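Colleague: I'd like to go over a predicted model; first the sequence, then the structure.
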Amino acid sequence: MKAKAIFKRIIGYCRTTRQQHPLDQGDMLWLRWVVLSISVLFCLALLMACGALAAVDQWHTGLLQGVPFHLSANGAAAGSILSPVLTFACCIPLTLYWAAVMMHQNSLRHRTELTAAALLTLAFPGLLCVLWDSVLHTSALLCCVLVTWFLVICIPFFGKKRA
């Protein structure tokens, strides 16, 4: 019951006009950043808990055992270098930083270009790990970037507000 009342208050607060807000523009920026970051981390925790990312990780391991990479069976059986808890811990600062970056971009083109560059950068260590005959699953990190991009694109509350 209490969570429902808090949710109604937040929704009512977000629907008010700029003149009715008791907070200044800096406070609204902090509020949008915190809500976006918590939303992304909640979505990621939900995906990790239901096992949706485990299927992607298995696909990734199978891909690394294929022709161009040739990961050994011992390397594949050892599992990922990072545990799920440590992976989620790495996702927290990434989400906080990426949410701030995405909120300050002006256009869809800039957001998409930065997201593509970040996805390539995060996927690269997952491919290079075969040099050490090990697996590094980066699906949770990639998911953080994609969910942040998707929320900023689809929900106008998280986009850049012009004064």
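Modeller: Thanks, I have the structure now. Numbering: from 1, shown residues only.
Colleague: So what's the residue count around W33?
Modeller: 17 (other CB atoms under 10 Å). Any C-beta I mention is one placed from the backbone N, CA and C, and that applies to glycine too.
Colleague: can I assume it is in contact with H104?
Modeller: No - in this structure W33 lies outside contact range of H104 using CB atoms under 8 Å: 9.8 Å.
Colleague: ok but P68 is inside a helix, no?
Modeller: No - with DSSP: H, G, I helix; E, B strand; the rest coil as the criterion, P68 is assigned coil and is not in a helix.
Colleague: Quick check: phi and psi on it?
Modeller: phi -70, psi -20 (degrees, to the nearest 10).
Colleague: Please apply the same query to S80.
Modeller: According to degrees, to the nearest 10, S80 has phi -70, psi 150.
Colleague: Who are the contact partners of it?
Modeller: Applying CB atoms under 8 Å, 6 or more residues apart in numbering to S80 gives the contacts D57, T87, V135, L136, H137.
Colleague: Which ones among those map onto helices?
Modeller: D57, T87 (DSSP state H).
Colleague: Between which two of the contacts of S80 is the distance greatest?
Modeller: T87 and V135 (12.1 Å; CB to CB).
Colleague: Let me see the contact set for G75.
Modeller: V130, D133, S134, V135.
Colleague: Sticking with it, tell me its helix or strand.
Modeller: helix 73-78 (DSSP states H and E).
Colleague: Tell me how far stretch 128-139 lies from the chain's centre.
Modeller: Distance of stretch 128-139 from the chain centroid (CA atoms, centre = their mean, to the nearest Å) equals 20 Å.
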